[in-house]
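Colleague: Give me a model of this one.
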Amino acid sequence: MGFEHRAEAEQFHRELSARLAKFTLALHADKTRLLEFGRFAALNRTRRGQGKPATFNFLGFTHICGQAAQHRLMVLRQTMKQRLRAKLQEIKEELRRRRHEPIPQQGKWLRSVLLGHYRYYGVPLNWPA
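Modeller: Here you go, the predicted structure:
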């Protein structure tokens, strides 16, 4: 969830926790946190001497607070490094297992894997990953 003011975010967090408690559910402490993110996050953190804004991982992407032209907010989404490394390792092992199959068959399999990756992770500015 995104909020302009920290107080609103804290209030929402309390109310959501209370609402979930009615159904004997709870927010996962490691997966739920408040962080400064948005158009002024970098500027505010620099003024306080805290460095770059925090990032967060969600649905296989690392979300980064960035800037587009004219200092407009841009949320950059990059493939999570640990997922990318794991997938490359899986592909390497599978290619080793398939090395005695005909080349066209290997190529067909590899093409399907790569197309699936490109279709999911093919978002603007994520082309290096």
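Colleague: got any ranges where the protein has weak pLDDT?
Modeller: 71 (pLDDT under 70).
Colleague: Could I get the full set of strands for it?
Modeller: For the chain, strands defined by DSSP state E occupy the ranges 56-58, 61-67, 73-79.
Colleague: Tell me which of those approaches residue 36 most closely.
Modeller: strand 61-67 (8.5 Å; CB to CB). C-beta here means a position set from N, CA and C on the backbone, and glycine is covered the same way.
Colleague: Pull the residues that contact that closest one.
Modeller: The set of residues external to strand 61-67 that reach it, using CB atoms under 8 Å, 6 or more residues apart in numbering, is 37-38, 41-42, 53, 55-57, 73-81, 121, 123, 126.
Colleague: quick one: residue 17 from residue 63, how far?
Modeller: In this structure, residue 17 lies at 23 Å from residue 63, with CB to CB, to the nearest Å as the measure.
Colleague: If you count surrounding residues, which of those two has more?
Modeller: Per other CB atoms under 10 Å, whichever of residue 17 and residue 63 has more neighbours is residue 63, with 16 against 13.
Colleague: which helices and strands sit right next to the helix ranked longest in the chain?
Modeller: For the chain, the helix that runs over the most residues, judged by DSSP state H, is helix 103-121. Where contact means 3 or more CB pairs under 8 Å, 6 or more residues apart in numbering; DSSP states H and E, helix 103-121 is packed against helix 81-97.
Colleague: what comes into contact with the helix it packs on?
Modeller: So helix 81-97 is in contact with 60, 62, 106, 109-110, 113, 117, 129, going by CB under 8 Å, 6+ apart.
Colleague: which of those are buried?
Modeller: Among the contacts of helix 81-97, those classed as buried by neighbour count (16 or more other CB atoms under 10 Å) are 62, 129.
Colleague: right, so of the strands of the chain, which gets closest to residue 23?
Modeller: Taking CB to CB as the criterion, strand 56-58 is the member of these that comes nearest to residue 23, at 23.1 Å.
Colleague: residues of that closest one that come out buried?
Modeller: Buried residues in strand 56-58, counted by 16+ other CB under 10 Å: none are found.
Colleague: try stretch 4-17
Modeller: Under the neighbour-count criterion of 16+ other CB under 10 Å, stretch 4-17 has 9, 13 buried.
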